[in-house]
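Student: predicted model, plus sequence, below.
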There are 2 protein chains.
Amino acid sequence: MANGAITIEDVARLAGVSIATVSRTLHRPDIVSEKTRKRVEQAIEATGYTTNAMARSLRTMQTHVIVVLVPNIGNPFFSEILLGIEAVASAHGFNILIGNTDNKPEREKSFAAYVRGHQADGMLLLNGHVPLDNGGRLQGRPAALPPMVIMCERIPGLSLPTVRIDNEGAAHLATRHLIELGHRSIAHIKGPEENILTKDRLAGYRRALEEAGIPFEARLVAPGDFSIPSGQRGVERILDEGPRPTAVFCSNDEMAMGAIVALKQRGLSVPGDVSVVGFDDIQFAGSCDPPLTTIHQPRRHIGETAMALMVELLESGSVPEREVVIETELLQRGSSGPPRGP
Amino acid sequence: MANGAITIEDVARLAGVSIATVSRTLHRPDIVSEKTRKRVEQAIEATGYTTNAMARSLRTMQTHVIVVLVPNIGNPFFSEILLGIEAVASAHGFNILIGNTDNKPEREKSFAAYVRGHQADGMLLLNGHVPLDNGGRLQGRPAALPPMVIMCERIPGLSLPTVRIDNEGAAHLATRHLIELGHRSIAHIKGPEENILTKDRLAGYRRALEEAGIPFEARLVAPGDFSIPSGQRGVERILDEGPRPTAVFCSNDEMAMGAIVALKQRGLSVPGDVSVVGFDDIQFAGSCDPPLTTIHQPRRHIGETAMALMVELLESGSVPEREVVIETELLQRGSSGPPRGP
DNA sequence: CTGTTAGCGCCTTCAC
DNA sequence: GTGAAGGCGCTAACAG
């Protein structure tokens, strides 16, 4: 370390006081006399002293660091959530450590070890599940779960504070939008099979069909994995296997963009021949051609809410509300319209 | 902290050895006798002990944390760089702390304080400049610059290890591509005015024109700020102010996407009426309509290289090469083609 | 209001 | 091959 070890002691010596007084000047300036305070502040300024965070953490047993477990930073969906988290975090003197898990269990555990190793005070979970090891224990210890807040996905059977949107309801809204436009043959491209989001959104789609008296057709539901190419493949598969639907509701925006690409490649127009609706409202959704009709998730707000819960959890040891459900809305843009008349 | 304070002492007691032996078993198992080692390992397993990182850091004066200063996580351009950084970091036992600066000097300084406050060992700079305070000092201290590696942008007048691409050369390549297709009237949409990338890319554009004997026209250069809307505005401005160019080279992909949107809105076809070339090859570049011809930056590789330099800097105190220039390539896709014949 | 002191948990000489 | 002990820099009692 080139960084020349200016410690609290150097400041104390220069100011002609004890180290305790320096520490107090930093943390509770009000209980220090005006005169000494001035002197200490000058000494701090002169030396360029900064508190050694490691030492402080060791003493106080808290780091003011929160780990955010995210499956993939590269996914633009998460970026804005992180911004929201960060805003609230820094307002409360917390720092966030972004843990990119790539959906790899080792990586999740390695970040969980952060909390156990006292390198972080708590964890925000954007990855859809709690990083437990084989024994159902969090990295070794049984009962003692560290402060955690679950974001975006329900994790059944665990009573941790949760911030999420109503996926089923939003999918229902999106599908009903298409039905109200007059569509009767509506396809759906799903997310990854085990994913809880996939299930909830599929459920909303089915409920909307049911309520409108439209029979559910398995043929019109294609698998996907939330990627652009899987959206393309999904549409191709549906087009190849039977009569063309007049609309497609995709479980996220990337797949919707893929769907549009595939439709265009087949010479079909959007929304003229086929309407497309996505989910998430990612950054590019408004700039593609045509602009995507989609479910807007207030991502920043989601992040802010979750971090606020975490701060409360850390400060008071518990949170009042176990589950916060954030409102979503349907953003009607160019990719959806009435089906072509006969 | 619910997290029940299992310390090295608990392990030592259970194993019937001193804490020194436990510490040795952890760090240099070879110098501990087979028998005690086994016993200690069992005790560690049984207690679920994890080293307290704060205490270790305090003792060793290193955190194994590297701060990465990035202007905006939301920008998909940075995501993959981060992945590369992370890969090399975790391979060497380092963790990365992503510092989202939003281009705000306070935020940059606050992260710089991390290094000064011994919460991190070094800094990777993706933000284009060194976080110095008024006096030209890094957060207070004069000479002692902490380990830093500059990424993506040249920072003139500072001899820090740097990883970057040849922006001027790549812009030259992109422009020459258009010239070779037969274009003679090529517009350019710039990035933010002070930005060094903006300058380098503009320089490459001008050099290509010059080499082809095409006079530079100020009218054909529009300001921008790397955002989608600024690309739209740029095109509109150029279209409004004079005869239509047959091609546009944009200083990044977002602006190119905006440019395409604006061209379509005016009823112009891409590349039929106007060719568009971007820069960066962000994720969506291949999926827009038409797919964007652009300069591919090997972002993952850039990240890996920078982190490797940092590891070396930390371990040996210096790096052999002061500047590493990463190769780029032109990705020819659908948005560029020959100008429409007369 | 200020100084003295006891650790926080760990690593690392230094003895044995 | 192992144990005892000092101290990393700081905060929080406890005295004064």
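Tutor: Ah, there it is.

Student: going forward, measure contacts between C-alpha atoms and count neighbours the same way
Tutor: Fine.

Student: could you report the neighbour count for A:A5?
Tutor: A:A5: 15 surrounding residues under other Cα atoms under 10 Å in any protein chain shown.

Student: now do A:R184
Tutor: Neighbour count for A:R184, taken as other Cα under 10 Å: 18.

Student: repeat for A:L330
Tutor: Other residues near A:L330 come to 20 when the count uses other Cα under 10 Å.

Student: any idea how far it is from DNA strand D?
Tutor: Going from A:L330 to DNA strand D by Cα to the nearest atom of the strand, to the nearest Å gives 48 Å.

Student: in three-state terms, label that residue for me.
Tutor: strand (DSSP: H, G, I helix; E, B strand; the rest coil).

Student: residues in contact with it?
Tutor: Residues counted as contacts of A:L330 (Cα atoms under 8 Å, 6 or more residues apart in numbering or on different chains) are A:170, A:173-174, A:293-296.

Student: then A:P147?
Tutor: Counting by Cα under 8 Å, 6+ apart, A:P147 touches A:121-123, A:310, A:313-314.

Student: which helix or strand contains A:T25?
Tutor: A:T25 is part of helix A:19-27, with elements assigned from DSSP states H and E.

Student: ok, and what's touching that helix?
Tutor: A:8-9, A:11-12, A:31-32, A:37, A:40-41.

Student: quick one: distance of it to the chain centre.
Tutor: Put simply, helix A:19-27 sits 39 Å off its chain's centre (Cα atoms, centre = their mean, to the nearest Å).

Student: buried residues in it?
Tutor: Judged by neighbour count using 16 or more other Cα atoms under 10 Å in any protein chain shown, the buried positions of helix A:19-27 are A:19, A:21-22, A:25-26.

Student: over to stretch A:226-235?
Tutor: Of the residues in stretch A:226-235, A:226-235 count as buried by neighbour count, 16+ other Cα under 10 Å.

Student: spell out which parts of the stretch 151-300 of chain A neighbour chain B.
Tutor: Applying Cα under 8 Å from any Cα of the partner chain, one finds that the stretch 151-300 of chain A approaches chain B through A:228, A:257-258, A:261, A:287-289.

Student: so which of the residues you listed are in helices?
Tutor: Using DSSP state H, the subset of those located in helices is A:228, A:257-258, A:261.

Student: most neighbours among the residues you listed, which one?
Tutor: Top of these by neighbour number is A:M257, holding 30 neighbours under the definition other Cα under 10 Å.

Student: output the longest helix belonging to chain A.
Tutor: In chain A, taking DSSP H as the definition, the longest helix is helix A:299-316.

Student: can I get the CA coordinates of that helix in PDB?
Tutor: Presented in PDB, the C-alpha positions along helix A:299-316 are these (Å, rounded to 0.1, in the frame of the first residue of the first chain):
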ATOM      1  CA  ARG A 299     -38.100  -0.700 -11.900                       C
ATOM      2  CA  ARG A 300     -36.500   2.200 -10.100                       C
ATOM      3  CA  HIS A 301     -39.300   2.200  -7.600                       C
ATOM      4  CA  ILE A 302     -39.000  -1.500  -7.000                       C
ATOM      5  CA  GLY A 303     -35.300  -1.000  -6.200                       C
ATOM      6  CA  GLU A 304     -36.000   1.900  -3.900                       C
ATOM      7  CA  THR A 305     -38.700   0.000  -2.000                       C
ATOM      8  CA  ALA A 306     -36.500  -3.000  -1.500                       C
ATOM      9  CA  MET A 307     -33.600  -1.100  -0.200                       C
ATOM     10  CA  ALA A 308     -35.800   0.900   2.100                       C
ATOM     11  CA  LEU A 309     -37.100  -2.400   3.500                       C
ATOM     12  CA  MET A 310     -33.500  -3.500   4.000                       C
ATOM     13  CA  VAL A 311     -32.500  -0.300   5.800                       C
ATOM     14  CA  GLU A 312     -35.500  -0.800   8.100                       C
ATOM     15  CA  LEU A 313     -34.700  -4.400   8.600                       C
ATOM     16  CA  LEU A 314     -31.200  -3.500   9.600                       C
ATOM     17  CA  GLU A 315     -32.100  -0.600  11.800                       C
ATOM     18  CA  SER A 316     -35.100  -2.000  13.600                       C
END
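
Student: so what does that helix touch, helix or strand wise?
Tutor: helix A:76-91, strand A:122-125, strand A:148-151, strand A:162-165 (3 or more Cα pairs under 8 Å, 6 or more residues apart in numbering or on different chains; DSSP states H and E).

Student: for the helix or strand just after the last one, list every residue counted as buried.
Tutor: Heading C-terminal from strand A:162-165, the first helix or strand you meet, by DSSP H and E, is helix A:167-181. For helix A:167-181, the neighbour count (16+ other Cα under 10 Å) marks A:167-179 as buried.

Student: what about stretch A:317-326 and chain B, touching?
Tutor: No - using Cα under 8 Å from any Cα, stretch A:317-326 stays clear of chain B, coming no nearer than 9.1 Å.

Student: ends of that stretch, how far apart?
Tutor: When the termini of stretch A:317-326 are compared using Cα to Cα, to the nearest Å, they are 23 Å apart.

Student: give me the mean pLDDT for it.
Tutor: Across stretch A:317-326, the average pLDDT comes to 84.
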